[in-house]
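Engineer: Everything below, folded, please.
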Amino acid sequence: MPSVTTGLEELLRFPPHWLRHQRIGLLCNPASVDSRLDHAIHRIRETFPKNPVIIYSPQHGFHAEKQDNMIESDDTRDPLFDIPVHSLYGRSRVPQEAPMEGIDVLMVDLQDVGCRVYTFIYTLSYCMEKAVSMGKKVIVLDRPNPLGGRVIEGNLLSPDCASFVGRYPIPMRHGLTIGEIARLFNEHFGIGCDLTVIPMKNWKRKMYFSDTGLPWVLPSPNLPALESALVYPGQVLWEGTNVSEGRGTTHPFEIFGAPYLDPYDILRYLGGNRIPGVFLRPVAFEPTWNKWRGVLCKGFQMHITDPSRFNPYAVTLNLMRVVMHLYPEHFEWKKPPYEYEFHQLPIDLIIGDRRVRQHLERNDDMEALAASWSKDLEAFRKLCSLFLLYPE
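Structural biologist: Numbers count the residues shown, from 1 in each chain. Model (predicted):
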């Protein structure tokens with residue numbers, strides 16, 4: 001199977017003549033590399049001298065150095081090219097006019113992870129909105145969805161739970177590339193910017209990232225490996241609880257636990273390791289930061305045995321239900337704030353519908369709950385068919 005080439009590489013193979021006379025601003029981070037691990041800034045400079053004229057960075061910073069949520073990045077200057085680096089996760093998450101006045105084209109090269117709560121797609125959406133008001137063109141250089149493009153999973157976001165981890169009614173696992181979701185936002189949700197998406201070559205919807213032949217570079221500091229991205233659409237739910245999601249360990253999101261958990265009790269309750277596509281290996285760990293810093297926690301490491309059979313959101317919802325049932329005197333929801341929302345429970349913002357939390361609190365059947373989303377998911381799939389760049 002041919003290796004996948006990203007939108008970045010496709011743009012540079014066939015550079016539009018008109019772009020040579022434009023001032024380019026580049027939204028990127030360390031994962032914005034080509035198949036040889038050369039960064040987009042260097043590659044663009046080779047083809048379009050003196051560009052980019054400014055760099056924009058998403059959450060976690062231009063170097064992906066900021067570990068946690070709600071840790072803002074300052075504006076800086078790139079020492080190699082002596083151009084400004086403007087943070088889009090600083091004093092505001094909404095782009096301001098001044099840093100965009102000196103460009104003609106906003107070029108976006110970000111590695112998304114295919115999950116509703118990953119903030120890069122909302123930074124993109126705000127940039128697209130600002131581009132409309134300022135008359136700027138947007139070019140999105142497409143990259144693979146690490147989770148593939150066939151499976152969608154989870155409830156759609158309820159409008160009353162909208163936040164920076166969810167602006168639009170999409171499911172937790174949306175099955176779109178960043179280029180496709182830009183088209184969805186732009187056309188269906190009415191942003192209406194002057195948008196061009198540069199597609200990848202050879203990417204198929206059945207592909208997981210490991211099938212692409214591309215190198216994995218962590219898009220944020222707690223997704224260091226592809227395995228962490230595969231479990232993320234479910235394991236991110238622990239952020240809304242007092243259970244550690246593995247931040248402060250070498251395997252964030254793959255590892256989870258708390259001092260009050262007994263993994264063997266949980267396995268007995270589950271009837272053993274019978275979850276399709278994943279093996280739960282009991283572990284003990286001490287986080288070096290974040291929840292339970294320096295305290296012995298017990299829990300599991302998730303080992304993906306078959307990604308095509310693994311449904312991360314459903315699995316973590318059910319594990320959360322079990323933990324709540326077995327340890328009601330210890331389990332707690334995390335209190336606000338979360339991603340600059342100061343009133344709603346973080347878990348409601350992450351799940352995107354407070355009714356799902358209420359089902360968990362009642363110890364309801366998670367399979368029946370997931371089945372209730374089927375009509376919404378089918379409607380979403382039909383909607384997305386209008387914006388796909390890579391049909392089956």
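
Engineer: Now do stretch 193-203: everything it contacts.
Structural biologist: 1-11, 128-129, 131-132, 136-144, 177, 179-180, 182-183, 186, 212, 389-390 (C-beta atoms under 8 Å, 6 or more residues apart in numbering). C-betas here are computed from N, CA, C, even on glycine.

Engineer: With stretch 28-48 instead?
Structural biologist: Counting by C-beta under 8 Å, 6+ apart, stretch 28-48 makes contact with 3, 5-6, 8-9, 12, 15, 19-20, 24, 26, 51-52, 55-58, 60-64, 78, 81, 107-111, 141, 213-215, 217-219, all of which sit outside it.

Engineer: Restricted to strands, list these.
Structural biologist: The members of those that map onto strands under DSSP state E are 24, 26, 55-57, 78, 107-108, 141.

Engineer: Could you dump those into a markdown table with neighbour count and pLDDT added?
Structural biologist: Compiled in a markdown table, the ones in strands among the contacts of stretch 28-48 are given as follows (neighbours: other C-beta atoms under 10 Å; pLDDT from 0 to 100):
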| residue | neighbour count | pLDDT |
| --- | --- | --- |
| Ile24 | 19 | 98 |
| Leu26 | 25 | 98 |
| Ile55 | 24 | 97 |
| Tyr56 | 27 | 96 |
| Ser57 | 26 | 96 |
| Asp78 | 14 | 91 |
| Met107 | 29 | 98 |
| Val108 | 27 | 98 |
| Leu141 | 28 | 98 |
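
Engineer: Name the pair among those residues with the greatest separation in space.
Structural biologist: Asp78 and Leu141 (19.0 Å; C-beta to C-beta).

Engineer: Show me the shaky parts of the chain.
Structural biologist: 1-2 (pLDDT under 70).

Engineer: For it, which segments are assigned as helices?
Structural biologist: With DSSP state H as the criterion, the chain has helices at 7-13, 40-47, 120-134, 178-183, 226-235, 263-270, 312-326, 346-351, 354-361, 366-371, 374-384.

Engineer: Please name the nearest non-neighbouring residue to His325.
Structural biologist: Asn363 (5.3 Å; C-beta to C-beta, 6 or more residues apart in numbering).

Engineer: neighbours around that neighbour, how many?
Structural biologist: Here the number of neighbours of Asn363 (other C-beta atoms under 10 Å) works out to 12.

Engineer: Please apply the same query to Ser163.
Structural biologist: 20.

Engineer: Name the nearest residue to Pro287, sequence neighbours excluded.
Structural biologist: Closest residue to Pro287 apart from its sequence neighbours, by C-beta to C-beta, 6+ apart: Gly248 at 3.2 Å.

Engineer: Settle this for me: the one you found is touching Arg293, isn't it.
Structural biologist: Yes. Gly248 is within contact range of Arg293, at 6.4 Å (criterion: C-beta atoms under 8 Å).

Engineer: and for those two, which residues touch both?
Structural biologist: Pro287.

Engineer: circling back: adding distance to Pro169, write the helices of the chain out as TSV.
Structural biologist: TSV is the format used below for the helices of the chain (distance: least, C-beta to C-beta, whole Å):
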stretch	distance to Pro169
helix 7-13	26
helix 40-47	31
helix 120-134	13
helix 178-183	13
helix 226-235	16
helix 263-270	32
helix 312-326	16
helix 346-351	13
helix 354-361	14
helix 366-371	17
helix 374-384	8
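
Engineer: Can you give me every residue that contacts Leu223?
Structural biologist: Counted by C-beta under 8 Å, 6+ apart, Leu223 has contacts 113, 229, 232, 252-253.

Engineer: nope, Pro84 is what I meant
Structural biologist: 54-55, 75-78, 99.

Engineer: Tell me the buried residues within those.
Structural biologist: Burial by neighbour count, judged by 16 or more other C-beta atoms under 10 Å, picks out 54-55, 99 from the contacts of Pro84.

Engineer: Now do the contacts for Leu214.
Structural biologist: 3-4, 6, 35, 144.

Engineer: If we use 10 Å, what do you get?
Structural biologist: 3-6, 9, 33-35, 37, 111, 143-144, 146, 200, 203 (C-beta atoms under 10 Å, 6 or more residues apart in numbering).

Engineer: what about the helices of the chain, which gets the closest to Ile304?
Structural biologist: It's helix 226-235; of these, that one is closest to Ile304 (C-beta to C-beta) at 5.4 Å.

Engineer: Could you check the angle that closest one makes with helix 312-326?
Structural biologist: Note on geometry: by axes from the mean of the first three to the mean of the last three C-alpha atoms, to 10 degrees, helix 226-235 and helix 312-326 are set 60 degrees apart in direction.

Engineer: of all the contacts of Leu223, which two lie farthest apart?
Structural biologist: Val113 and Pro252 (12.9 Å).

Engineer: what residues do those two have in common as contacts?
Structural biologist: By C-beta under 10 Å, 6+ apart, the residues touching both Val113 and Pro252 are 220, 223, 228, 232.

Engineer: Take those and lay them out in CSV including distance to Asp160.
Structural biologist: Formatted as CSV, the shared contacts of Val113 and Pro252 follow (distance: C-beta to C-beta, whole Å):
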residue, distance to Asp160
Ser220, 27
Leu223, 29
Ser228, 30
Tyr232, 24
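
Engineer: Most neighbours of all these, which one?
Structural biologist: The most crowded member of the shared contacts of Val113 and Pro252 is Tyr232, carrying 29 neighbours; neighbours defined as other C-beta under 10 Å.

Engineer: sorry, back to before: out of the buried ones among the contacts of Pro84, which comes closest to Thr241?
Structural biologist: Nearest member of the buried ones among the contacts of Pro84 to Thr241, counting by C-beta to C-beta, is Ile55, at 35.7 Å.

Engineer: Report the beta-bridge partner residues of that closest one.
Structural biologist: For Ile55, the beta-bridge partners under DSSP bridges are Leu26, Val85.
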